[in-house]
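K.L.:
what shape does this take:
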Amino acid sequence: MNINTITTDDLRHMEGKDGLILQGCGGDLKEWVDGINDMLTEAGILKDGSKFEDVSTFQYGDLTCLLYPFEDVKLDIGKLAVWRLQTHADFGGTWLSDFVPNRLGGFIGEPSPEPEKPDCALIGQDGNVFNLIGIASRTLRRNGMAEQAKEMSDRVFASGSYHEALNIIGEYVNITSADEPERKPSVRQRMKETKPAEPDRKQKPAKQQER
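P.N.:
Residues are numbered from 1 along each chain as shown. Modelled structure (predicted):
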């Protein structure tokens with residue numbers, strides 16, 4: 001059996017999980033865990049010999065609390081709900097999913113991963129900021145990031161310097177080098193190079209002198 005010490009901030013990062021919280025658990029915490037396991041087993045709440053093995057303790061004000069997570073245990077949740085109400089005056093039992101929103105201000109979800117910045121060949125382009133914004137905006141829209149394109153443009157136009165504008169663009173796209181495009185010969189040059197050589201003109205016989 002493990003009794004882990006956590007904080008209320010840890011509880012706020014447990015969105016999507018649930019468990020039973022008992023409040024005011026003074027004294028030997030191991031005795032509390034063993035005693036609750038025995039009570040819930042006798043009440044037919046814990047089934048098939050299942051027990052709470054991984055319990056956490058935390059402080060809420062002056063109260064020592066225990067969290068019995070529902071993961072990895074087999075229990076009758078309906079019977080547990082009735083037991084919690086019947087023993088609330090003794091244990092202050094509540095659900096994790098109720099305790100965090102009502103006492104701690106709600107869960108803190110994991111931050112969404114930042115979208116991967118698309119490559120944008122700006123190095124070597126005309127450095128005019130309007131040109132760079134246009135290229136970066138088109139790149140973002142091609143990658144399904146139209147909202148980011150507008151946001152970037154608004155921020156750039158509100159920026160105070162060219163250097164700041166470049167930094168803002170770099171927040172939205174991965175600035176890469178624009179390879180110098182290979183200059184292709186003109187159509188006239190290609191036609192000239194591929195035009196077959198004209199056959200030698202046969203020399204006309206000299207006109208015979210009239211007699």
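K.L.:
which sections of the chain are below the confidence cut-off?
P.N.:
Residues of the chain that meet the criterion pLDDT under 70 lie in 110-115, 178-211.
K.L.:
quick one, strands of the protein?
P.N.:
2-5, 19-23, 54-60, 63-69, 94-95, 119-123, 174-177 (DSSP state E).
K.L.:
quick check: which of those is buried the most?
P.N.:
strand 19-23 (a mean of 22; mean count of other CB atoms under 10 Å). Yep, even glycine has a C-beta here, placed from its N, CA and C like the rest.
K.L.:
elements contacting that strand?
P.N.:
Secondary-structure packing of strand 19-23 (3 or more CB pairs under 8 Å, 6 or more residues apart in numbering; DSSP states H and E): strand 63-69, strand 94-95, helix 96-103.
K.L.:
a markdown table for those, including distance to Asn4?
P.N.:
Listed next are these as a markdown table, based on distance: least, CB to CB, whole Å:
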| stretch | distance to Asn4 |
| --- | --- |
| strand 63-69 | 9 |
| strand 94-95 | 19 |
| helix 96-103 | 14 |
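K.L.:
closest one to Gly16 among those?
P.N.:
helix 96-103 (9.3 Å; CB to CB).
K.L.:
so what's the residue nearest to Gly93 when sequence neighbours are not counted up against?
P.N.:
Excluding its sequence neighbours, the residue lying closest to Gly93 (CB to CB, 6 or more residues apart in numbering) is Arg84, at 4.1 Å. Residues near Arg84 by CB atoms under 8 Å, 6 or more residues apart in numbering: Leu20, Gly93, Thr94, Trp95.
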